[in-house]
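Undergrad: I would like the atomic coordinates for the input below:
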Amino acid sequence: MPVLSPDLQKKLAEPLIVGGFVINSRVLQSPLSGVTDLVFRRLVRRYAPDSMLYTEMVNATGLHYIKELPKIMEVDRAETPISIQLFDCRPDFLAEAAQRAVAEGADTIDINMGCPVNKITKNGGGSSLLRDPETAESIVRAVVNAVNVPVTVKTRIGWSETEINILEFARRMEAAGAQMITVHGRTRAQGYNGAAKWEWIRRVKEVMTIPVIANGDIFSIEAAIACLEQAGADGVMCSRGTLGYPFLVGEIDHYLKTGILRPKPTPLERLQVARDHLIGLHEYKGDRGIRQARKHMTWYAKGFAGAATLRGQLCLVENLQQGLDLIDGAIDRLSELQDGQAETATADDLMNLVMQ
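TA: Residues are numbered from 1 along each chain as shown. Modelled structure (predicted):
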């Protein structure tokens, strides 16, 4: 396990201050479309009570034309610290959406300027704003003037390898009033391919006075420490590493605060959390929640004998009972292994037991 440098230890021992808002953790859960709903956030919060969590990103234009707030914007008043992330290219619509987000309970407003998906960028939102810094500035100013909570920005290092403009872009966001910036160390053209360029995050940190959060390739405690050391960032944001693993934010946070590793959850414990996740999605969203749960359940089903077959079954579940029967069956078989049969069993024995 990498050892934290003295300077990093000193920084991490202090709360993260975003504007006037105090966060007692330097590890954040990224907004993830189709993932970070209220049910998922509650699971992350079990293991990371102090970390800032984010909603899925909310379309400000769509919000402008509806009266009833979408479920992706719904937050539990008790889940602070919580940020609602918005996207759009219209400053006035974003300002209006930010006011509704604050009324809903957001502790901060985050503006998405990094999403690489075509349906977002072709309409002027997400990472396309890297190519339109004037509009990005206008957005930040409008939102800052509209709300009384800190406004933050999440973005990437540039549009492509030949258009890396994050240094000037970040300075402009700070000048417009942003009080924290999260930088994903990839370009829009990269998507999620290749390695995140943490060295660019360090360059951003060197020119900024507001907190800079590093994002990209944070899949473990080791990666978080390596990123913090290389980037010199004020914290890290976990994204894809939490898919099927809501323990990650809490694991990193606990280690950074104590220097002690939490025991890794066993496959049995992961399946028990998957069960809670499935029930939560059904209670919260009904049949639509079951359909959404399929991907989550397959992410949990990894790292044990028979997991591949279980994944194939879970991705086809049609109702709550079917999903519970599959997960409970796997839990029962893993429990049998945990009760002592694993010590003398061969690999073939384990496979036969889990698959029977």
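Undergrad: From now on I want contacts and neighbour counts done on CA atoms only, so please keep to that.
TA: Fine.
Undergrad: does L28 sit in a helix or strand, and which one?
TA: Using DSSP states H and E, L28 sits within strand 27-29.
Undergrad: quick one: average pLDDT of that strand?
TA: Averaged over strand 27-29, pLDDT sits at 98.
Undergrad: For the helix or strand following that strand, buried residues please.
TA: Sequence order places helix 38-47 as the next helix or strand after strand 27-29, per DSSP H and E. Going by neighbour count (16 or more other CA atoms under 10 Å), the buried part of helix 38-47 is L38, V39, F40, R41, R42, L43, V44, R45, Y47.
Undergrad: Could you export the residues you listed as CSV, including distance to Q292 and pLDDT?
TA: As requested, these are exported to CSV (distance: CA to CA, whole Å; pLDDT from 0 to 100):
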residue, distance to Q292, pLDDT
L38, 13, 97
V39, 12, 97
F40, 12, 98
R41, 15, 97
R42, 16, 97
L43, 16, 98
V44, 18, 98
R45, 20, 97
Y47, 23, 97
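Undergrad: Next, A170: phi, psi?
TA: Taking degrees, to the nearest 10, you get phi -60, psi -40 for the backbone angles of A170.
Undergrad: and the gap between it and P211?
TA: Using CA to CA, to the nearest Å, one gets 11 Å for the distance from A170 to P211.
Undergrad: Touching both of those two, which residues are there?
TA: Both A170 and P211 are in contact with I181, where contact means CA atoms under 8 Å, 6 or more residues apart in numbering.
Undergrad: Hmm, I221 is touching I252, no?
TA: Yes. Between I221 and I252 a contact is recorded at 5.2 Å, counting by CA atoms under 8 Å.
Undergrad: Pick out whichever of the two has more residues nearby.
TA: Taking neighbours as other CA atoms under 10 Å, I221 and I252 compare with I252 leading, 29 against 20.
Undergrad: Just the CA trace of stretch 231-240, in CSV.
TA: Extracted in CSV, the C-alpha atoms of stretch 231-240 (Å, rounded to 0.1, in the frame of the first residue of the first chain):
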residue,chain,number,x,y,z
ALA,A,231,-2.1,15.5,-9.2
GLY,A,232,-1.7,17.4,-5.9
ALA,A,233,-5.5,17.7,-5.9
ASP,A,234,-7.7,18.6,-3.0
GLY,A,235,-9.6,15.4,-3.3
VAL,A,236,-10.7,12.5,-5.6
MET,A,237,-14.0,11.7,-7.2
CYS,A,238,-14.9,8.0,-7.7
SER,A,239,-17.0,7.2,-10.8
ARG,A,240,-17.0,3.8,-12.6
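Undergrad: any idea how far I290 is from A214?
TA: A214 sits 33 Å away from I290, taking CA to CA as the criterion.
Undergrad: Then D76?
TA: Separation of D76 from I290 (CA to CA) stands at 21 Å.
Undergrad: so P15 touches D50, yeah?
TA: No. Under the contact definition of CA under 8 Å, P15 does not touch D50, with a separation of 10.1 Å.
Undergrad: anything in contact with each of these two?
TA: Residues touching both P15 and D50 by CA under 8 Å, 6+ apart: I23, N24, S25.
Undergrad: Please name the strands paired to the strand holding L28 in the sheet, noting orientation.
TA: Partners of strand 27-29 in the sheet, by DSSP bridges, are strand 235-238 (parallel).
Undergrad: hmm, who's touching whichever strand or helix holds D325?
TA: Element membership of D325, judged by DSSP H and E, is helix 320-336. With contact meaning CA under 8 Å, 6+ apart, helix 320-336 is reached by 267-268, 271-272, 274-275, 278-279, 282, 290, 310, 313-314, 317, 353-354.
Undergrad: buried residues in it?
TA: Buried positions in helix 320-336, judged by neighbour count with 16+ other CA under 10 Å: L320, G323, L324, L326, I327, G329, A330, I331, R333, L334.
Undergrad: could I get those as JSON lines with distance to I181 and pLDDT?
TA: As requested, the buried residues of helix 320-336 are exported to JSON lines (distance: CA to CA, whole Å; pLDDT from 0 to 100):
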{"residue": "L320", "distance to I181": "40", "pLDDT": "97"}
{"residue": "G323", "distance to I181": "40", "pLDDT": "97"}
{"residue": "L324", "distance to I181": "41", "pLDDT": "97"}
{"residue": "L326", "distance to I181": "42", "pLDDT": "96"}
{"residue": "I327", "distance to I181": "40", "pLDDT": "97"}
{"residue": "G329", "distance to I181": "45", "pLDDT": "95"}
{"residue": "A330", "distance to I181": "42", "pLDDT": "94"}
{"residue": "I331", "distance to I181": "42", "pLDDT": "94"}
{"residue": "R333", "distance to I181": "46", "pLDDT": "90"}
{"residue": "L334", "distance to I181": "43", "pLDDT": "90"}
